[in-house]
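1. Turn this into a structure:
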Amino acid sequence: MVRVGREVHSYFVQNPPSGRTTREDTGFPGSVHTVRCRRRGMSRKENIEKRAEELLMSVLEPPYEFVDLEYVKEAGTWYLRAYCDKEGGITVDDCELISRAFEEKLDAADLISDAYVLEVSSPGLGRPLKKERDYRRALGQRVEVHTYRIIDHEKSFTGVLTDYDDSTVTLDLDDDGGKKSFAREDISLIRMAFDF
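-> Next comes the predicted model:
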């Protein structure tokens, strides 16, 4: 579904002298040029993601759980993607139910002025572990770890995630490789392992 917001052209001014936001009517019907000042802190994209996450969380009830949300531009089109899950896996009907409730909240909040496509889906098999809740969910399960540099003649490792903290991830490696800890700064990708 494509959502179309108001037609607004934005110009960002670096270090404006007045430090205030100005609006200028161009005289064309339906067209308003807005000059916004870039302030320190969150970008427009980050602000939309944060507010959209809050709106999504307000409609999610057990057994559903929030996994991630992103607002991205691909091939000239904006996408608001919400990833949700539940014990045993999420279905297409679940995604539709969440999407309808989320869409109502988004429309009421008038959060996004751009045209965008709303997608609600499962996190997918190859979804990277990003947030603390992703690591918590993966504890005791097989994961793949890919590193930036060669460690013990390898850059890819698979094993059961046994522990993690802010600076390290520990696996019980496959094939009786024993326990191995990785510094998070060395990890380029960590995701759930899956066998076909």
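
2. Could you tell me whether S156 really is in a strand?
-> Yes. Using DSSP: H, G, I helix; E, B strand; the rest coil, the assignment for S156 is a strand.

3. For it, which non-adjacent residue is closest in space?
-> Take S156 and drop its neighbours on the chain: the residue closest to it by C-beta to C-beta, 6 or more residues apart in numbering is H146, 5.3 Å away. Heads up, the C-betas are built off the backbone N, CA and C, glycines and all.

4. Same check on R142?
-> Excluding its sequence neighbours, the residue lying closest to R142 (C-beta to C-beta, 6+ apart) is A193, at 4.0 Å.

5. is it true that that neighbour touches V160?
-> No. With contact defined as C-beta atoms under 8 Å, A193 does not count as touching V160 (9.1 Å).

6. Check what contacts the lengthiest helix in the chain and list those residues.
-> Determined from DSSP state H, the single longest helix within the chain is helix 92-109. Residues outside helix 92-109 that contact it (C-beta atoms under 8 Å, 6 or more residues apart in numbering): 1, 3, 51-52, 55-56, 58-60, 64, 80, 82, 84, 86, 112, 118, 120-122.

7. Just the buried residues out of those residues, in PyMOL syntax.
-> Buried residues within the contacts of helix 92-109, by 16 or more other C-beta atoms under 10 Å, are selected in PyMOL with:
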select buried, resi 3+51+52+55+56+59+60+64+80+82+84+112+118+120+121+122
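
8. Can you tell me which of the contacts of helix 92-109 end up in helices?
-> Those of these lying in helices (DSSP H): 51-52, 55-56, 58-59.

9. out of the residues you listed, who's nearest E185?
-> A52 (29.6 Å; C-beta to C-beta).

10. Show the pLDDT at the closest one.
-> A52 carries a pLDDT value of 97.

11. Next: R6.
-> According to the prediction, R6 has pLDDT 35.

12. Please identify the buried residues of stretch 144-162?
-> Neighbour-count burial for stretch 144-162, with 16+ other C-beta under 10 Å as criterion, is recorded at 144-145, 147, 157, 159-161.

13. Low-confidence stretches in the chain?
-> The model of the chain has pLDDT under 70 over residues 1-41, 196.

14. And the strands in it, which stretches?
-> With DSSP state E, the ranges of strands along the chain come out as 2-3, 8-13, 22-25, 32-37, 65-74, 77-85, 116-121, 142-151, 154-164, 168-173, 178-183, 187-192.

15. of all those, which lies closest to D134?
-> Closest approach to D134 among those is made by strand 65-74 (7.4 Å; C-beta to C-beta).

16. thinking again about what came up before, JSON lines for the ones in helices among the contacts of helix 92-109, including distance to K131?
-> What follows is the ones in helices among the contacts of helix 92-109, written out as JSON lines (distance: C-beta to C-beta, whole Å):
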{"residue": "R51", "distance to K131": "18"}
{"residue": "A52", "distance to K131": "16"}
{"residue": "L55", "distance to K131": "18"}
{"residue": "L56", "distance to K131": "14"}
{"residue": "S58", "distance to K131": "19"}
{"residue": "V59", "distance to K131": "20"}
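
17. closest to E70 among the residues you listed?
-> Distance ranking of the ones in helices among the contacts of helix 92-109 against E70, using C-beta to C-beta, places A52 first at 9.4 Å.
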